[in-house]
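Colleague: model this:
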Amino acid sequence: MACYDLTSRIAPNLDRHLVFPLLEFLQERTIYDDNQILKGKIDLLRDTNMVDYAMDIHKSLYQTQDVPEEMTRRRVDVVSRLRSLEESAAPLIVFLQNASLVQELKSDKQYNLQMLNDRYQIGVEQIEALYQYAKFQFECGNYSGASDYLYQYRALCTNSDRSMSALWGKLAAEILMQNWDVALEELNRLKDIIDSKNFPTPLIQLQNRIWLMHWSLFIFFNYENGKNGIIELFFQDRYLNAIQTNAPHLLRYLATAIVINKRKRNMLKDLIKVIQQEQYSYKDPITEFLECLYVNYDFDGAQQKLLECELVILNDPFLGKQVEDGGYATVPVRDEFLENARGFIFETYCRIHRRIDIGMLSEKLSMSHEAAERWILNLVRSSKLDAKIDSNSGTLEMEPNYLNVYELLIENANILSVRTETLAKNVLEIASQTVR
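Modeller: Numbers count the residues shown, from 1 in each chain. Presented below is the predicted three-dimensional model:
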């Protein structure tokens, strides 16, 4: 399944520290040779300060207790540099660790800078030293300390570009510590800045949106209500355009979120359109499953793709997360996807047939006749299909379902209203940026 692994596409859009969880997952799944993964980790660590970790991996890779002299010298340099930065930032760190002194700070950053300089002789140099110290702590793998210092730095920083850089660092630190609630807050804060900031070129803003969507995968597939979040973010016009322009592989995660989220079934039609438009630049079993089912009405093909979808999900670092449940390891995304996907197949099949042989359907679903009959009964109830089971003939009888023209008119009016509102917002934002 290495051919469906997206790590090589995703990694360039992540901070190198965020790539380590992906490599750990691939190593557990044994998708690649273990030595290949270890060499990849060493390459990633080369430009970080996590020298001890690099030494451990080197020992494991080459089955030795000796490490290159270069790593030993690098460790000495890192320790020396860390002490130097700590000394430079010490006056400000001491101030920030005193709760009574911190209360003197106000929301006005200019006032804070003047007050710190007049009363405590803490100037711009010490504030910049705090940023460098926080960044160095992050590079050393001390994500907790880096997060705290970057938060405090942003409260004092008046440079918008440097403040945004600190916010990216804090988001990465929160993700790596798996503080999903805080990470989601930082993600939303960063999104607001990206959408409102005047970047030197539109291309830079586009790249920032692409980075944001890749980083959001860690949060949305670990956060309780994340499936709604990824759909709402990725389906915004600007972000959907970014996906189609430079990151069509993100359609895998958008498609998965829609399939497992029953409340977002109304987005399925728009998703299919995007998948069709991007089929020549990106496709995988998940997008092909939807195309087989809703474009080609190829039920055998959809069933075959569904088997491949399970393997793709199990071997994807974001989708294949295991959860312990009563002593058993389950993969929630896999279970929800397969259950809902089978429902999609059944509903679509029912809508184009008047009479369905339950025996034939049970074979396609790999279920016994009795189990298939119970499953169909529950699905008919939940999907509100106008159908009944004839136990004597072993068939499912579908009642004609004529489209209510008034309901269709109301639905199209609602869709038009939403799109008009979105267009108006975009025009207002462009106008406000032009005025600036």
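
Colleague: Got the domain ranges for this protein?
Modeller: 203-352, 353-401, 404-436 (automatic domain parsing).

Colleague: any chance of these in a markdown table, plus mean neighbour count, mean pLDDT and distance to residue 104?
Modeller: C-beta here means a position set from N, CA and C on the backbone, and glycine is covered the same way. Output for those, formatted as a markdown table (neighbours: other CB atoms under 10 Å; pLDDT from 0 to 100; distance: least, CB to CB, whole Å):
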| stretch | mean neighbour count | mean pLDDT | distance to residue 104 |
| --- | --- | --- | --- |
| domain 203-352 | 18 | 91 | 35 |
| domain 353-401 | 14 | 75 | 59 |
| domain 404-436 | 10 | 73 | 33 |
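
Colleague: how about those domains, which one is nearest residue 9?
Modeller: For residue 9, the closest of those is domain 203-352, at 5.0 Å, according to CB to CB.

Colleague: what's the nearest residue to residue 222 if we skip its chain neighbours?
Modeller: Distance criterion CB to CB, 6 or more residues apart in numbering; nearest residue to residue 222, sequence neighbours excluded, is residue 180 at 5.3 Å.

Colleague: per-residue confidence for the one you found?
Modeller: According to the prediction, residue 180 has pLDDT 95.

Colleague: Out of the domains of the chain, the one nearest residue 90 is which?
Modeller: domain 203-352 (32.0 Å).

Colleague: Please report phi then psi for residue 355.
Modeller: Here the main-chain torsion angles of residue 355 (degrees, to the nearest 10) amount to phi -140, psi 130.

Colleague: contacting residues around the residue most central in space within the chain?
Modeller: Taking CA atoms, centre = their mean as the criterion, residue 217 is the residue nearest the geometric centre of the chain, at 0.8 Å. Taking CB atoms under 8 Å, 6 or more residues apart in numbering as the criterion, residue 217 is in contact with 10, 230, 253, 318.

Colleague: make it 6 Å
Modeller: 253, 318 (CB atoms under 6 Å, 6 or more residues apart in numbering).

Colleague: Equivalent analysis for residue 14, please.
Modeller: Contacts of residue 14 by CB under 6 Å, 6+ apart are residue 214.

Colleague: what are the phi and psi angles of it?
Modeller: The phi and psi values for residue 14, taken as degrees, to the nearest 10, are phi -120, psi 160.

Colleague: how close does the residue nearest to the centre of the chain sit to residue 75?
Modeller: 33 Å (CB to CB, to the nearest Å).

Colleague: Just the strands from the stretch 251-400 of the chain, written as ranges.
Modeller: 323-325, 328-330, 355-357, 387-390, 395-398 (DSSP state E, counting those that start in this stretch).

Colleague: Equivalent analysis for the stretch 1-150 of the chain, please.
Modeller: Taking DSSP E, counting those that start in this stretch as the criterion, the stretch 1-150 of the chain carries no strands.

Colleague: in it, what spans have low per-residue confidence?
Modeller: The stretch 1-150 of the chain contains residues with pLDDT under 70 at 1.

Colleague: let's see it at 80
Modeller: Applying pLDDT under 80 to the stretch 1-150 of the chain flags residues 1-2.

Colleague: Run through the helices of it in chain order.
Modeller: 7-10, 16-29, 34-45, 51-62, 69-96, 99-102, 109-120, 124-139, 143-156 (DSSP state H, counting those that start in this stretch).

Colleague: The stretch 301-436 of the chain too?
Modeller: Under DSSP H, counting those that start in this stretch, the stretch 301-436 of the chain gives helices at 332-351, 358-364, 369-383, 405-435.

Colleague: would a markdown table of the ones you listed with distance to residue 294 be doable?
Modeller: What follows is the helices of the stretch 301-436 of the chain, written out as a markdown table (distance: least, CB to CB, whole Å):
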| stretch | distance to residue 294 |
| --- | --- |
| helix 332-351 | 7 |
| helix 358-364 | 17 |
| helix 369-383 | 16 |
| helix 405-435 | 18 |
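
Colleague: closest to residue 32 out of these?
Modeller: Nearest of these (CB to CB): helix 332-351, 21.0 Å.

Colleague: Output the contacting helices and strands for the closest one.
Modeller: With contacts taken as 3 or more CB pairs under 6 Å, 6 or more residues apart in numbering; DSSP states H and E, helix 332-351 sits against helix 251-260, helix 299-314, helix 369-383.

Colleague: wait, which of these is closest to residue 126?
Modeller: helix 251-260 (42.3 Å).

Colleague: measure the nearest residue to residue 41 once chain neighbours are set aside to residue 413 for me?
Modeller: Spatial nearest neighbour of residue 41, chain neighbours left out: residue 57 (5.2 Å); criterion: CB to CB, 6+ apart. Separation of residue 57 from residue 413 (CB to CB): 59 Å.

Colleague: Redo the domains of the chain as CSV? Include distance to residue 86.
Modeller: Shown next, in CSV, are the domains of the chain (distance: least, CB to CB, whole Å):
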stretch, distance to residue 86
domain 203-352, 29
domain 353-401, 60
domain 404-436, 40
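
Colleague: Relative to residue 25, which of these is closest?
Modeller: Per CB to CB, nearest to residue 25 of the domains of the chain: domain 203-352, 4.0 Å.

Colleague: next one: phi and psi at the residue located most distally from the centre of the chain?
Modeller: Ranked by distance from the centre of the chain (CA atoms, centre = their mean), the top residue is residue 392, with 49.4 Å. Note on residue 392: its backbone torsions stand at phi -70, psi -50 [degrees, to the nearest 10].

Colleague: How far off centre is stretch 139-159?
Modeller: Relative to its chain's centre, stretch 139-159 lies at 23 Å (CA atoms, centre = their mean, to the nearest Å).

Colleague: swap in stretch 213-221?
Modeller: Chain-centre distance of stretch 213-221: 2 Å, with CA atoms, centre = their mean.
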